[in-house]
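K.L.:
pasting the sequence and the predicted coordinates here, then a few questions.
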There are 2 protein chains.
Amino acid sequence: MRLSTKGRYGVRVLLELALRGGGTVPLKDIARSQQISLLYMEHLIAPLISAGIVKSVRGARGGIRLAKPPEEIKLSEIVKLLEGPISPVDCVDNPGTCARSSLCVTRDIWIELKRAIESVLESKTLYDLAEMQRSKGHAFTEEMYYI
Amino acid sequence: MRLSTKGRYGVRVLLELALRGGGTVPLKDIARSQQISLLYMEHLIAPLISAGIVKSVRGARGGIRLAKPPEEIKLSEIVKLLEGPISPVDCVDNPGTCARSSLCVTRDIWIELKRAIESVLESKTLYDLAEMQRSKGHAFTEEMYYI
DNA sequence: ACTATGTTGACCATATTAGTCAACAATAGC
DNA sequence: GCTATTGTTGACTAATATGGTCAACATAGT
């Protein structure tokens, strides 16, 4: 039940965008403040751009910004885009993968588990995270100049 | 957020033991009815034996059985033994792994996520699963002879 | 003794993860 | 229009995890 760096990094990057406000931010700056490899980050961003969560601007003084207001971006979206389906096992979304799906009670448990996970991730938006961050008394500046 | 075969197989094996009642069952039989490689299953069982969830008997007419009543075996135990800690990311259990843990709101989300997962797995025992299976109208026999 | 089981550790193929590199595309500013 | 600065893409790679097999051994029943 682990999250890979994709999901973790992705959420951090988008949270930083939310905290910075609406401006376009070069990948390099985010990579530095989040201490993520720039080249790796580029690959993380790609699916977020395709999905219309992030908008990018090429060329000098380019960068990325949120394509939607933070309150419209749920964590579940981000995690699904970067980690794939939430389901702990395949048969949850796709009963056909296992012949005993219809009789299987372990599947029922995994369904319940998926719902529990999804309910947490559906209930939080980037706006919520940004608010949490601000109420911790550490807005963007501190994160920015870390290290 | 995926479960490996270890966790899935492990739960299925133990559920079959619970459904069969208290008797000692050869690994071979379980491997056959669950369609799991016997040699792989042996490795799955080992940590369950060490943890005192399963008792084994060597030699002719040997096998395994539950070491405790099914209602005392929570799914969370099984999953933890076979998959490792429930936490979606390391910093949840071990804040020291990341210098920003104390200021990090994404960590707070992962903590919430862990709690949601744990709450599902803590609330279900093998007894509950066995009951669910029986009330589905498909007790052990059907599972047993499933090819 | 012999056979039927479980135990252990070494081994292996494949997939996934986490990244790097190089070539390219587009934009701003001169 | 040139150049520096950015993002885009696909190929590549090292390390690790996954899912399994094999062989040697330990132990119990007949």
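P.N.:
Perfect, I can see it now.

K.L.:
C-alpha from now on. contacts and neighbour counts both.
P.N.:
Fine.

K.L.:
burial count for residue A:21?
P.N.:
Using other C-alpha atoms under 10 Å in any protein chain shown, residue A:21 is surrounded by 14 other residues.

K.L.:
and the gap between it and residue A:67?
P.N.:
Counting by C-alpha to C-alpha, to the nearest Å, the gap from residue A:21 to residue A:67 is 12 Å.

K.L.:
ok, residue A:10 next?
P.N.:
Distance, residue A:10 to residue A:67, by C-alpha to C-alpha: 15 Å.

K.L.:
the more surrounded of those two?
P.N.:
More neighbours surround residue A:10 than the other of residue A:10 and residue A:67, with 21 against 17 (other C-alpha under 10 Å).

K.L.:
excluding its backbone neighbours, what's nearest the more buried one?
P.N.:
residue A:44 (6.5 Å; C-alpha to C-alpha, 6 or more residues apart in numbering or on different chains).

K.L.:
go ahead and confirm that neighbour touches residue A:6.
P.N.:
Yes. The pair formed by residue A:44 and residue A:6 meets the contact definition of C-alpha atoms under 8 Å, at 6.4 Å.

K.L.:
name the residues contacting each of those two.
P.N.:
Contact with both residue A:44 and residue A:6 is made by residues residue A:82, according to C-alpha atoms under 8 Å, 6 or more residues apart in numbering or on different chains.

K.L.:
residues near residue A:8, how many?
P.N.:
Residue neighbour count, defined by other C-alpha under 10 Å, stands at 19 for residue A:8.

K.L.:
in contact with it, which residues?
P.N.:
In this structure, residue A:8 makes contact with residue B:106, judged by C-alpha under 8 Å, 6+ apart.

K.L.:
can you rerun that using 10 Å?
P.N.:
Neighbouring residues of residue A:8 by C-alpha atoms under 10 Å, 6 or more residues apart in numbering or on different chains: A:78-79, A:82-83, B:88-89, B:106-107, B:110.

K.L.:
same question, residue A:91
P.N.:
For residue A:91, the contact set (C-alpha under 10 Å, 6+ apart) comprises A:97-101, A:107-108, A:110-111.

K.L.:
can we see that at 7 Å?
P.N.:
By C-alpha atoms under 7 Å, 6 or more residues apart in numbering or on different chains, the contact list for residue A:91 reads A:97-98, A:101.

K.L.:
which one (most neighbours) among those residues?
P.N.:
Comparing the contacts of residue A:91 by number of neighbours (other C-alpha under 10 Å), residue A:101 comes first, having 16 neighbours.

K.L.:
burial of the closest residue to that one other than its chain neighbours, as a residue count?
P.N.:
Of all residues beyond its chain neighbours, the one nearest residue A:101 is residue A:95 (5.6 Å), with distances taken as C-alpha to C-alpha, 6+ apart. The tally of other residues near residue A:95 (other C-alpha under 10 Å) stands at 13.

K.L.:
quick check: pLDDT value at the spatially most central residue of chain A.
P.N.:
Within chain A, one residue has its C-alpha closest to the average C-alpha position: by C-alpha atoms, centre = their mean, that is residue A:78, at 3.2 Å. Listed pLDDT for residue A:78 reads 98.
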